[in-house]
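In: Using only what follows, build the 3D model:
(one chain, ligands or ions: 1)
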Amino acid sequence: MEFTIVRRNGNINYQLIPTGKGKHLVLWRKYTFSESNGIYYCSSKWKHKCSARIKLTKGKKILPIDLLHSHEPPNYHLTADGVYVKV
Ligand SMILES: [Zn+2]
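Out: Model prediction:
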């Protein structure tokens, strides 16, 4: 699966990965989060029963809520064209 980076900013240390239907994942510190009711839950919430979650502030900064992952980060590889590929 291939993802294109839509936001890359020196002050914002995360990436938004569009998933279609106007939604996106947040890729931050090697982990991906998906939004539900304003909170971004770890994408491995169900698979690994992970309770890590974050919020995005109005200033588009990461606000950590729970950073304790129950698993290793998924393996993403950033290609030279700035595309994330899950390997
Ligand atoms: Zn997690």
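In: ok, K30 - contacts?
Out: By CB atoms under 8 Å, 6 or more residues apart in numbering, the residues touching K30 are P73, P74, Y76. In this view, the C-beta of every residue, glycine as well, is placed from N, C-alpha and C.
In: For it, give its distance to T57.
Out: Distance from K30 to T57, counting by CB to CB, to the nearest Å: 21 Å.
In: what does C42 give?
Out: For C42 relative to T57 (CB to CB), the value is 19 Å.
In: out of these two, which sits in the busier spot?
Out: C42 (26 against 8; other CB atoms under 10 Å).
In: ok, the more buried one touching Y31?
Out: Yes: in this structure C42 lies within contact range of Y31 using CB atoms under 8 Å: 6.0 Å.
In: Common neighbours of the two, please.
Out: A52, H69.
In: can you list the residues of the chain near the ion?
Out: By CB under 5 Å from the ion, the part of the chain that sits against the ion consists of C42, S44, C50, A52, H69.
In: Just the buried residues of those.
Out: C42, S44, C50, A52, H69 (16 or more other CB atoms under 10 Å).
In: on that earlier part again, turn the contacts of K30 into JSON lines, columns for pLDDT and neighbour count.
Out: Listed next are these as JSON lines, based on pLDDT from 0 to 100; neighbours: other CB atoms under 10 Å:
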{"residue": "P73", "pLDDT": "90", "neighbour count": "13"}
{"residue": "P74", "pLDDT": "84", "neighbour count": "15"}
{"residue": "Y76", "pLDDT": "74", "neighbour count": "16"}
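In: check contacts around the residue lying farthest from the centre of the chain.
Out: Most distant from the centre of the chain: A80, at 19.8 Å, with distances by CA atoms, centre = their mean. With contacts defined as CB under 8 Å, 6+ apart, A80 has no neighbours.
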